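*Asks:* Quick check, what structure comes out for this input:
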Amino acid sequence: MRKFGLIGYPLGHSFSKKYFAEKFHNEHITDCSYENFSLADISLLPKLIADEPDLMGLNVTIPYKRDILRFLDWTEQKANEIGAVNVVKINRIGDTAKLDGYNSDVTGIRDSLLPYIKNDVNNAIVLGTGGSSRAVCHVLNKLGINITLVSRKRKPGISDYSDLDEEMISNTSLIVNTTPLGMFPDIESLPKINYNLLGEKHILFDLVYNPELTSFLKMGKRHGCSIISGMKMLHSQAEKAWEIWNNDQIDNIIDI
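*Replies:* Now for the predicted structure:
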């Protein structure tokens, strides 16, 4: 039986195991299983690979999307540019395992955003600067959208939350939350922006999918914004991961 799984720490927030269990059931896939592997340290990855000889692929979540890179034998150009990997394909030859890295977050982000992106969407605010933020910025750059990066501490090229004044928000159509704020179990938390400045022209996209309607999105909906849940991204990037694990010609598939 081929085995797939998710690594990260902690994993209490993840829906991946449930998603793939339902996929295997609905599509009558009987030769595969999917497990969560909670790794307290990324240095435990080689032992996991060795101890699970049937393991053929991994999803990677917080906090290892960047740390995983040093364990890979090969990484696709897109993931290298972003500096983050969330899908690992394990190629086994005898007792040797070769690890290839990909980024399917890009596919999920693109598929989530495209129905909402019109010609008047020129500027975006991206909250957070981690691996998911890099994937969002990759997509936005490909779409020709100007980006303001926001973090808790101001750095060169990065604003902090106090910089999000009326002028900046009024000149921005899209605001993307890539932080874990609002994720289960801390579902009441949300990014510290002035939600009273939001209106119908704004699109709020939250990469958090548990809960599906986060406090960030609830505030946006209350002020008339269009809102995009992280659930669409979850489904899209999961299907891309499945394609990567099962398609030997995946390197020839053109993606954004």
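*Asks:* Just the CA trace of the longest helix seen in the chain, in CSV.
*Replies:* Under DSSP state H, the helix in the chain containing the largest number of residues is helix 230-246. What follows is helix 230-246, C-alpha atoms only, in CSV (Å, rounded to 0.1, in the frame of the first residue of the first chain):
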residue,chain,number,x,y,z
GLY,A,230,-8.7,29.4,2.3
MET,A,231,-10.8,26.3,1.7
LYS,A,232,-10.6,26.7,-2.1
MET,A,233,-6.9,27.0,-1.9
LEU,A,234,-6.7,23.8,0.3
HIS,A,235,-8.7,21.8,-2.3
SER,A,236,-6.8,23.1,-5.3
GLN,A,237,-3.3,22.7,-3.8
ALA,A,238,-4.2,19.2,-2.5
GLU,A,239,-5.2,18.1,-6.0
LYS,A,240,-2.0,19.5,-7.4
ALA,A,241,0.0,17.6,-4.8
TRP,A,242,-1.8,14.4,-5.9
GLU,A,243,-0.9,15.1,-9.5
ILE,A,244,2.7,15.6,-8.6
TRP,A,245,2.9,12.3,-6.7
ASN,A,246,1.3,10.3,-9.5
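*Asks:* Contacts for that helix, please.
*Replies:* Here helix 230-246 makes contact (Cβ atoms under 8 Å, 6 or more residues apart in numbering) with 4, 15-16, 19-20, 23, 56-57, 59, 86-87, 89, 102, 104-105, 107-109, 111-112, 206-209, 212, 214, 250, 253. No exception for glycine: its C-beta is placed from N, CA and C like everyone else's.
*Asks:* out of those, which are buried?
*Replies:* 4, 15-16, 19-20, 23, 56-57, 59, 86-87, 89, 102, 104-105, 107-109, 111-112, 206-209, 214, 250 (16 or more other Cβ atoms under 10 Å).
*Asks:* Could you list which of the residues you listed belong to helices?
*Replies:* Ser16, Tyr19, Phe20, Lys23, Asp105, Thr107, Gly108, Ile109, Asp111, Ser112.
*Asks:* Can I get these in CSV including pLDDT and distance to Lys155?
*Replies:* Shown next, in CSV, are those (pLDDT from 0 to 100; distance: Cβ to Cβ, whole Å):
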residue, pLDDT, distance to Lys155
Ser16, 91, 32
Tyr19, 94, 36
Phe20, 97, 38
Lys23, 97, 40
Asp105, 94, 23
Thr107, 95, 29
Gly108, 96, 27
Ile109, 97, 23
Asp111, 96, 31
Ser112, 97, 27
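*Asks:* where do the strands sit along the stretch 151-256 of the chain?
*Replies:* For the stretch 151-256 of the chain, the strands defined by DSSP state E, counting those that start in this stretch occupy 159-160, 174-177, 203-206, 226-228.
*Asks:* At which residues are the strands of the stretch 1-150 of the chain located?
*Replies:* Using DSSP E, counting those that start in this stretch, the strands found in the stretch 1-150 of the chain span residues 2-8, 32-38, 55-60, 74-75, 87-93, 96-102, 123-127, 146-151.
*Asks:* Could you check how far the third one is from the centre of its chain?
*Replies:* Centroid displacement of strand 55-60 relative to its chain, using Cα atoms, centre = their mean, to the nearest Å, is 15 Å.
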